[in-house]
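Visitor: Sequence first, then the predicted structure, then my questions.
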Amino acid sequence: MAIRVCLPRAQRTSVDFLETQQILRDESAAARQLRAGFPWLRFERDLEREFRREQVTTRLAHTRRHLYLGAMLVVAIGLLNRLVLGPGEYTALYLVQFGLLLPLVAGALAITHLPNARRLYPLVAPALAPLVGILVIAVEFKAAQSGVEVLFATVLLTTMFVYFLVGLLFYQGLAANAIVWGVYVAFGIVGGIAESHLIYNSLMLLMTNVVGATVAYGLELEVRTHFLEQRMLAETAARDGLTGIYNRRRFDEHLETVWHMAQREGVTLALLMVDIDFFKRFNDRHGHQAGDECLREVATALARAARRPLDFVARYGGEEFAIVLYDPAREYVHEVATRVHQNIARLAIPHGDSVVSPLVTISAGAAYVAPTLERSSQGFVQFADEALYQAKAEGRNRSVFSEAAYDSLETGSFRASRRAAR
């Protein structure tokens, strides 16, 4: 299916230098988020998803080591309790420690060794953390009912462990410890613990949570800030020197990444290949300095057209640009193509040697697919390339949108024909 979008000329509206730079900065979701701030430790949806994915990847090895430490602490504290308390009536306490608590920590540790640990562990950890805390409380209350109060320190230790060592984000750790605190108070009331001990210990646990939560909040704030700054540094190195949008190398990297991501998540991708009509004639007629300025203004117009957090605009080469849209609705692809033509028309850059308009125009080819294992990202580019060639062959100054089957494409079969059509 091919849908053509032909737009009329429009009056030129100037875009000054400062506005242009602001638009190009706004293309970066990281820059936009850093400028807006995140006091609630939450990014916009797509950026948050990317942050969490990266955190799981970078934290998993550390979390595994921390869980090994946790398992050793359970064993060590259990042996210490047996040494201090002795056998006898404390058998039930040891059963909770070694029969429930230790297997639970060992289970969490085993998950970190699975091939799909990066997907599974973030799902189970927020549930396992409060369960560990509740079991520690059960051990503490069993000992307290027998007149031994020294085990309360293990509850405080577990609270700090949950905040910092099991790989939870701030709100996950806060929620887990809030559950543990509530269970502690409830157990104390039901279990008949002395009121003075219950009040004192509850307040101590609450203050430990205040300290732990405050430090955990500050640490995650720093981690998130570092994540955004690193992204911005990487984006700066990946920018095209003339236009300020992403360069060809970054486009290749990004397309390969989102191609595999879309395969895993079962979503679609769209790619718009955009070419300035008769740009060589524009340079010959108006000069290369005017050509450079034209490229900058066109790049800005494209950046204005695709503004979602994961929308990606790059200079593909020469006068050719590319727009990658992750998981878009068909309507959004058409909307972006329409906005591209409208934005270019509003620039109203005179073109003294174009056969389709006295102003600069563009042609675009859009491909819309669900990535499969049978095809590659290079074939996806070829698919959009075919649509762009069709737009040029039909008279330029238009978009051709295609989502037909692309299994039969042969790489390189349209590139030479499209060059000849310029």
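Guide: Good, I have the coordinates.
Visitor: ok, longest helix in the chain?
Guide: Ranked by number of residues, the top helix in the chain under DSSP state H is helix 195-237.
Visitor: going on from that helix, what's the next piece of helix or strand?
Guide: Using DSSP states H and E, the helix or strand that follows helix 195-237 towards the C-terminus is helix 248-265.
Visitor: Okay, angle between that following helix and helix 195-237 too, please.
Guide: Angle between the axes of helix 248-265 and helix 195-237 is 140 degrees (criterion: axes from the mean of the first three to the mean of the last three C-alpha atoms, to 10 degrees).
Visitor: so after helix 248-265, what's the next helix or strand?
Guide: strand 269-276.
Visitor: which other helices and strands contact that next one?
Guide: Using 3 or more C-beta pairs under 8 Å, 6 or more residues apart in numbering; DSSP states H and E, the elements in contact with strand 269-276 are helix 248-265, helix 288-305, strand 320-326, helix 330-347, strand 362-369, helix 377-393. In short, each C-beta sits where N, CA and C put it, glycine included.
Visitor: highest average neighbour count across those?
Guide: strand 362-369 (a mean of 26; mean count of other C-beta atoms under 10 Å).
Visitor: Now find how far off-centre it is within its chain.
Guide: Its chain's average C-alpha position is 25 Å from that of strand 362-369, according to C-alpha atoms, centre = their mean, to the nearest Å.
Visitor: How about stretch 218-234?
Guide: 13 Å.
Visitor: Find the least confident helix or strand in this structure, judged by mean pLDDT.
Guide: In the chain, no helix or strand scores lower on mean pLDDT, DSSP states H and E than helix 17-26, which sits at a mean of 42.
Visitor: and the closest residue to residue 359 other than its chain neighbours, how many neighbours?
Guide: Closest residue in space to residue 359, ignoring its immediate chain neighbours: residue 348 at 5.4 Å, by C-beta to C-beta, 6 or more residues apart in numbering. Neighbourhood size, residue 348 [other C-beta atoms under 10 Å]: 15.
Visitor: Check the average confidence over stretch 95-115, would you?
Guide: Per-residue pLDDT values across stretch 95-115 average out to 92.
Visitor: ok, back up a step: same list (the helices and strands packed on strand 269-276) but as a markdown table, adding distance to residue 226.
Guide: Shown next, in a markdown table, are these (distance: least, C-beta to C-beta, whole Å):
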| stretch | distance to residue 226 |
| --- | --- |
| helix 248-265 | 21 |
| helix 288-305 | 26 |
| strand 320-326 | 24 |
| helix 330-347 | 32 |
| strand 362-369 | 35 |
| helix 377-393 | 30 |
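Visitor: hang on, the earlier thing: what is the subsequent helix or strand relative to the least confident helix or strand of the chain?
Guide: Per DSSP H and E, the helix or strand that comes after helix 17-26 is helix 29-36.
Visitor: which helices and strands does that next one pack with?
Guide: Using 3+ C-beta pairs under 8 Å, 6+ apart: helix 29-36 touches helix 17-26, helix 45-85, helix 195-237.
Visitor: What angle do helix 29-36 and the last one make with each other?
Guide: Yep, that's helix 195-237 we're talking about. 130 degrees.
Visitor: Which strands or helices does helix 195-237 pack on?
Guide: The contact analysis (3+ C-beta pairs under 8 Å, 6+ apart) places helix 195-237 against helix 29-36, helix 45-85, helix 152-164, helix 170-191.
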